[in-house]
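Asks: quick one, structure for this:
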Amino acid sequence: MNGPGGHADPAYHLDSSGPAAPPRDNGELVFAAPWESRAFGLALALNEAGLIDWEDFRQALIREIASWEAAHPSGAGWSYYECWLRALERTAIARGLVDPGTLAERAALLAARPAGHDHERHGHDGHEHNMHNGNPGHP
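Replies: Alright, predicted model coming up:
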């Protein structure tokens with residue numbers, strides 16, 4: 001299926017350099033954690049569905065990065081995808097896709113979960129949960 005402008009791959013929108021360019025290694029996108037790839041995919045999906053304008057999102061991302069850099073001149077603690085997520089949240093709120101209060105409540109619930117448990121069910125769908133089977137060797 002073709003996206004806006006007739007492009008089959010929505011990733012054509014991504015900057016290859018400049019402040020909004022995502023992290024890459026040998027030209028491939030790099031995600032340090034599963035939530036980063038989900039936030040990335042959500043932005044692309046919302047754009048493909050016509051729910052957000054890519055340039056509006058891109059400008060919000062550039063503003064988030066600039067704001068982060070101004071607040072952290074040493075660069076310590078940098079996370080491109082934290083800026084991406086904040087830009088996506090702001091864009092979705094501005095478009096009326098989510099209620100800011102509901103978003104804050106859901107974020108607080110997710111943040112309260114133990115590390116590694118950022119999903120609804122605790123089944124074994126494609127990954128191990130040794131801590132659930134009593135394995136004392138679980139890190």
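Asks: please name the nearest non-neighbouring residue to residue 60.
Replies: Excluding the flanking residues, the one nearest residue 60 by CB to CB, 6 or more residues apart in numbering is residue 87, at 4.0 Å. (C-beta placed from N, C-alpha, C; glycine too.)
Asks: next up, the contacts around the one you found.
Replies: When contacts are counted by CB atoms under 8 Å, 6 or more residues apart in numbering, residue 87 touches 57, 60, 61, 63, 64.
Asks: just those: which are in helices?
Replies: Counting by DSSP state H, the part of the contacts of residue 87 found in helices is 57, 60, 61, 63, 64.
Asks: strands of this structure, residue ranges please.
Replies: Counting by DSSP state E, the chain has these strands, from start to end: 24-25, 28-29.
Asks: is it possible to get a markdown table of those strands that adds distance to residue 82 and mean pLDDT?
Replies: What follows is the strands of the chain, written out as a markdown table (distance: least, CB to CB, whole Å; pLDDT from 0 to 100):
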| stretch | distance to residue 82 | mean pLDDT |
| --- | --- | --- |
| strand 24-25 | 17 | 86 |
| strand 28-29 | 16 | 88 |
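Asks: is it true that residue 36 touches residue 81?
Replies: Yes - in terms of CB atoms under 8 Å, residue 36 counts as a neighbour of residue 81; the distance is 3.9 Å.
Asks: what touches both of the two?
Replies: By CB under 8 Å, 6+ apart, no residue touches both residue 36 and residue 81.
Asks: in this structure, which residue is most central in space?
Replies: Compute the mean C-alpha point of the chain, and by CA atoms, centre = their mean the closest residue is residue 39, 2.4 Å away.
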